[in-house]
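>>> Have a look at this fold, sequence not included:
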């Protein structure tokens, strides 16, 4: 039995991200690479210094080409099946930073068929509704509409399907079975879907008729799709996309108990729509604590920041390094109690979500500027 | 070993159409059904009286509903991979007759991805080119543009792909494997494709939001696709399409030696573009003869109309029953020599093709009136 599972459909167990790098055959983001990024960007996003983006494929080569004057574009996505929780925003916030720093175009895929194909009770009407709901959260993060195109697979299929067939012709069932674990009970749409996820990695090269390099930021569980993409690329004469991988924001129950934050577990997810009181209640009640059983014991022994979910979350949402360091130190020493720690996270999240919802409202007026349809 | 093979990709051997009806679980078109058709249409197309359309699914029920005032639409198709030969026209000529007699709308699918996915060396540029070439042959047959919509799968994918996903969700790999014989080496596009072929059988019901019945005329080798379609229909709440099946126009070499006429066998196919001399040469040289070794022997024993390809072809192309009967009698009796028989076919075909090519030229001006794109 593996101690953890990481597939596009399931993330669970005691993750060892170094082991994952070995298993998936990716490379760690080391100091040399961070230095190279900083040379270009001037500063480093906390997600980089904190190893929230921890792994990559060919990012080093992409930066060398960038230095030599070759631009690249970004591609990421969101498979809609429900409201966004804060975990979804992690990759997108970082993608927005990359867009700004590298002045890069962004293709944002909304594969509204994916979760429909993989979840029995979900309809295409459901996923279509959630697609347009989630798009507001995406736009709210501040992407530049002049450099960002968002599309739904079903709405942009007159472009997507054709090139998905080109990808699909190069992938055997045998291969898809090995990568995704398909079997006789898998439906035909599930089997084909990965071809649709590959297409945006090639689309500018196809549509502009010249080699255009691509960087895909994603949470590491999506890697199986992009291994296919990278295998197929040379067979079709397209460049292999580079990739940069994030760890997962754990659910409030902790990664070990619950895996990555999941929309289907209401109590241990914080949705972008959760009001301040709900955020407070969920964190107070469900955020797995690294604190001791009593206040006295906590003051004496201190808290365990490694397993404490509030600490882990603040790594994602407290951008100030000094503040974060002090919180960790104070919690470890026992100076900071669990309730106080949770309140810091609650205040931080509520401030963030309040701002986010304002931007989300404004996003409603500019959706059409972002959309690609055919 | 079966004595014949009939799949969407291969037709070969000594066909027994009665056995095929049993194997595929369809029903023969019997006298009762012919009578019912004639009650509505006033006369019967020679393809019906001559059992060229010989089998059906639920056509009886469709006619009963038609009597009760429920209209139906027609759906047929063409997977482009090369120029049309005269065998391709058989189903479409009959479809045109059905359109006129039942005042029926027609959806004409051009799955330009199918042959691309199944043939190693074919590109999507190739199939796209042949699609628009073949469409001229379709339009030349006289379909009413007000009642006929033609579309390419890749161009109409913004509608097609979405509903293909709905079909695909209901079909397991296990099922597709059983029906089509897929294995580990099958590519992902081949596996998904059948879902695209199902969609037009439901499309008016989907788009108009009310139950709209469908009749699909096709050569019997396409039946595996529509068995899937009919299995899936009730799962999605759509009516099962009815079907009417034709036998195959044999290649010039005869069915036993060569199977159905195939575009990839140049010498034994007559293309719509073949000039009178080419038609003459091919038939004189390659049309498998039921005649005797010498003229004297032929005069004495007569020819074998069962195996003679010219006789079989005249069943498709000589619409006058009396003339056809006389040709058969004269050939059987030895009065008509093989060369004379072939000349009758040559003249008939060249007349037909000359007219067809004129209409094909005119079709170029009205293509856009027929096309559905998204």
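That came in fine, so what should we check first? Only a predicted model underlies this, so the values are computations on that prediction, with no experimental measurement involved. Numbering: from 1, shown residues only, chains lettered A, B, ... in the order given.

>>> For the rest of this, base every contact and every neighbour count on C-alpha atoms.
OK.

>>> Can you tell me how far residue A:55 is from chain B?
From residue A:55 over to chain B the distance is 29 Å, taken as C-alpha to the nearest C-alpha, to the nearest Å.

>>> For that residue, give me the pLDDT.
You'll see residue A:55 listed with a pLDDT of 98.

>>> One more: residue A:253?
On the pLDDT scale, residue A:253 is placed at 90.

>>> Would you mind confirming that it makes contact with residue A:287?
Yes: in this structure, residue A:253 is within contact of residue A:287 by C-alpha atoms under 8 Å, at 5.7 Å.

>>> Quick check: what element follows the host helix or strand of residue A:19 along the chain?
According to DSSP states H and E, residue A:19 maps onto helix A:17-24. Per DSSP H and E, helix A:17-24 leads on to strand A:27-28 as the next helix or strand towards the C-terminus.

>>> chain center to that following strand: distance?
Chain-centre distance of strand A:27-28: 17 Å, with C-alpha atoms, centre = their mean, to the nearest Å.

>>> ok, and what's touching it?
Residues from elsewhere that reach strand A:27-28, judged by C-alpha atoms under 8 Å, 6 or more residues apart in numbering or on different chains: A:18, A:21, A:54-57.

>>> Narrow those residues to those that are buried.
A:21, A:54-57 (16 or more other C-alpha atoms under 10 Å in any protein chain shown).

>>> Quick one: those residues as CSV, columns for secondary structure too.
Below are the buried ones among the contacts of strand A:27-28 laid out as CSV (DSSP: H, G, I helix; E, B strand; the rest coil):
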residue, secondary structure
A:21, helix
A:54, strand
A:55, strand
A:56, strand
A:57, strand
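
>>> Just name the closest of the residues you listed to chain B, please.
Distance to chain B, by C-alpha to the nearest C-alpha, is smallest for residue A:57 among these, at 25.1 Å.

>>> close enough to count as contact, the closest one and residue A:243?
Yes: assessed by C-alpha under 8 Å, residue A:57 is found in contact with residue A:243 at 4.9 Å.

>>> ok, residue A:64 to chain B distance?
Taking C-alpha to the nearest C-alpha, one finds residue A:64 at 34 Å from chain B.

>>> same deal with residue A:156?
6 Å.

>>> per-residue confidence at that residue?
Here, the pLDDT recorded for residue A:156 equals 97.

>>> Now do the contacts for it.
For residue A:156, the contacting residues are A:372-374, B:158, by C-alpha under 8 Å, 6+ apart.

>>> just to revisit the earlier point, can you check which residues contact both of residue A:253 and residue A:287?
The contact sets of residue A:253 and residue A:287 overlap at A:268, A:309 (C-alpha under 8 Å, 6+ apart).

>>> for stretch A:193-205, what is the average pLDDT?
Stretch A:193-205 comes out at a mean pLDDT of 97.

>>> May I have the distance across that stretch, first residue to last?
Its first and final residues considered, stretch A:193-205 spans 21 Å by C-alpha to C-alpha, to the nearest Å.

>>> Now it: buried residues?
Counting neighbours by 16+ other C-alpha under 10 Å, one finds that the buried residues in stretch A:193-205 are A:193-205.

>>> How much space separates residue A:335 from chain B?
Going from residue A:335 to chain B by C-alpha to the nearest C-alpha gives 55 Å.

>>> Now residue A:233: closest residue in space that isn't a chain neighbour?
Nearest residue to residue A:233, sequence neighbours excluded (C-alpha to C-alpha, 6 or more residues apart in numbering or on different chains): residue A:240, at 5.4 Å.

>>> correction: residue A:318
The shortest distance from residue A:318 to any non-neighbouring residue, by C-alpha to C-alpha, 6+ apart, is to residue A:324 (6.4 Å).

>>> So which of the contacts of residue A:156 is the closest to residue A:297?
Nearest to residue A:297 out of the contacts of residue A:156 is residue A:372 (C-alpha to C-alpha; 57.7 Å).

>>> show me the contacts for the closest one.
Each residue near residue A:372 by C-alpha under 8 Å, 6+ apart is listed here: A:149-152, A:156.

>>> give the contact list for residue A:183.
A:177, B:173.

>>> what about it, which SS state?
Quick answer, by three-state DSSP: residue A:183 is coil.

>>> quick one: it from residue A:291, how far?
Using C-alpha to C-alpha, residue A:183 is found at 44 Å from residue A:291.

>>> same deal with residue A:8?
Distance of residue A:8 to residue A:291, computed by C-alpha to C-alpha: 33 Å.

>>> So for these two, which sits in the more crowded spot?
For residue A:8 versus residue A:291, neighbours defined as other C-alpha atoms under 10 Å in any protein chain shown are more numerous around residue A:291 (25 against 14).

>>> mind checking pLDDT for the residue lying closest to the more buried one once chain neighbours are set aside?
The shortest distance from residue A:291 to any non-neighbouring residue, by C-alpha to C-alpha, 6+ apart, is to residue A:303 (4.4 Å). Residue A:303 carries a pLDDT value of 97.

>>> Same check on the one 3 residues further on?
Per-residue confidence (pLDDT) for residue A:306: 93.

>>> Repeat that for residue A:264.
66.

>>> I appreciate the help and will end here.
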